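Asker: what follows is a protein structure lacking sequence information:
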């Protein structure tokens, strides 16, 4: 067996897509050799040098390494190397994907949650004697070697069926019938998810960026995502490719504490709401949480693109216990989801006189409260029940704001009740 890893052939400005290059290579190989898997692996979404979704691709094939490398060379000139941020890398390994060496598997696992250098990747490739090709500064080698070890690095996989446009249509508005997309999304849900955002009326599966992708259907069942893709009415499809992927798995999240998080990584942290949510210019919502031991503070934010999720955040109160999930940048955790663990259900208020119904007044420092008219007194403030607009459990950003690797609540497996968005 041979594993081909490919990364960093696209551009933020001019488009292209590494999945498209991988699909072409896999289709070409499949004419002569078996292709058992096409992997789409999302790496650390907080990496500074990523293009868009920070995806690396792997192809598992029976083709000999020399033939595999030759197949990649045919299409590698499609990479957008005029963009200085595009630095393609290819690794071809003569190895069974089930028996990739432990150091390569570890590299792959770390690439989803941490950072690697180009030197790290080159050293590992050399140590293992794998064939490689690179362009520019070779940064794509990081994702390429990570893709080689991906199959053994994790066990939670989902699927995406990607349909591609003809080359003559790229750069023009995509022609996709919205009614057929919504109908297909309804029929396939929840096995296929994040196809649309019903509240925003958005076709989540149709990208707005330049590039060859017409639409991409994600879900837990390969037959379902393929059927949804085929049922959508649209402009002609040049080709389709079914990828096994770590999208929708939360593979990027690592356990952390309020006082230990670092920029450039994504975490799941427990804490207590320390400041009331504040909506700032642009509609962004900020609050701070403290560690469960009361030490340390961490700013959390729900930015405007998360839409109605911000209302969930605004409904939090000081003293609520939550688990917050998201990427940390500029010492701020950008919320992707949170779980309510314990809600404040009462508040301390000035007592009301039981005789006349008027609010009492302070009788002085540490002297309780007294009704000026009736003379009635109370030692301390009264407790009043709060009506909360939140329940216990998990809340998430809507599909229109969800990043590729974040796990939708509808997939299940969470440690509490869930309130899925669709």
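Answerer: Perfect, thanks for sending it. Because the structure is predicted, anything quoted here is derived from the model rather than measured.
Asker: sketch out the helices for the stretch 151-300 of the chain, chain order is fine.
Answerer: 178-188, 222-231 (DSSP state H, counting those that start in this stretch).
Asker: right, and these - which one's nearest residue 365?
Answerer: Nearest to residue 365 among those is helix 178-188 (62.1 Å), distances taken as C-beta to C-beta. Backbone N, C-alpha and C define where each C-beta goes, glycine included.
Asker: starting at the chain centroid, how far to stretch 17-30?
Answerer: 24 Å (C-alpha atoms, centre = their mean, to the nearest Å).
Asker: so which residues of the stretch 1-150 of the chain form helices?
Answerer: Under DSSP H, counting those that start in this stretch, the stretch 1-150 of the chain gives helices at 18-30, 65-76, 102-113, 118-128, 140-148, 150-153.
Asker: and what about the residue nearest to residue 322 when sequence neighbours are not counted, helix, strand or coil?
Answerer: Once flanking residues are discounted, residue 322 sits nearest to residue 338: 5.0 Å by C-beta to C-beta, 6 or more residues apart in numbering. Three-state call for residue 338 (DSSP: H, G, I helix; E, B strand; the rest coil): strand.
Asker: and the pLDDT for residue 338?
Answerer: Residue 338 carries a pLDDT value of 98.
Asker: that one bridge partners, please.
Answerer: On the basis of DSSP bridges, residue 338 is bridged to residue 324, residue 395.
Asker: ok so, going back, pick the most buried one from the helices of the stretch 1-150 of the chain.
Answerer: Highest mean neighbour count among these (mean count of other C-beta atoms under 10 Å): helix 140-148, with a mean of 30.
Asker: which helices and strands does that helix pack with?
Answerer: Packing contacts for helix 140-148, counted by 3 or more C-beta pairs under 8 Å, 6 or more residues apart in numbering; DSSP states H and E, involve strand 2-7, strand 35-42, strand 55-61, strand 89-93, helix 102-113, helix 118-128, strand 131-134.
Asker: now the angle from it to strand 89-93?
Answerer: Calculated by axes from the mean of the first three to the mean of the last three C-alpha atoms, to 10 degrees, helix 140-148 forms an angle of 40 degrees with strand 89-93.
Asker: what residues does helix 140-148 touch?
Answerer: Applying C-beta atoms under 8 Å, 6 or more residues apart in numbering, the contact partners of helix 140-148 are 3, 5-9, 39, 41, 43, 54-58, 87-91, 93, 95, 100, 104, 107-108, 111-112, 116-118, 120-122, 124-125, 130, 132, 134.
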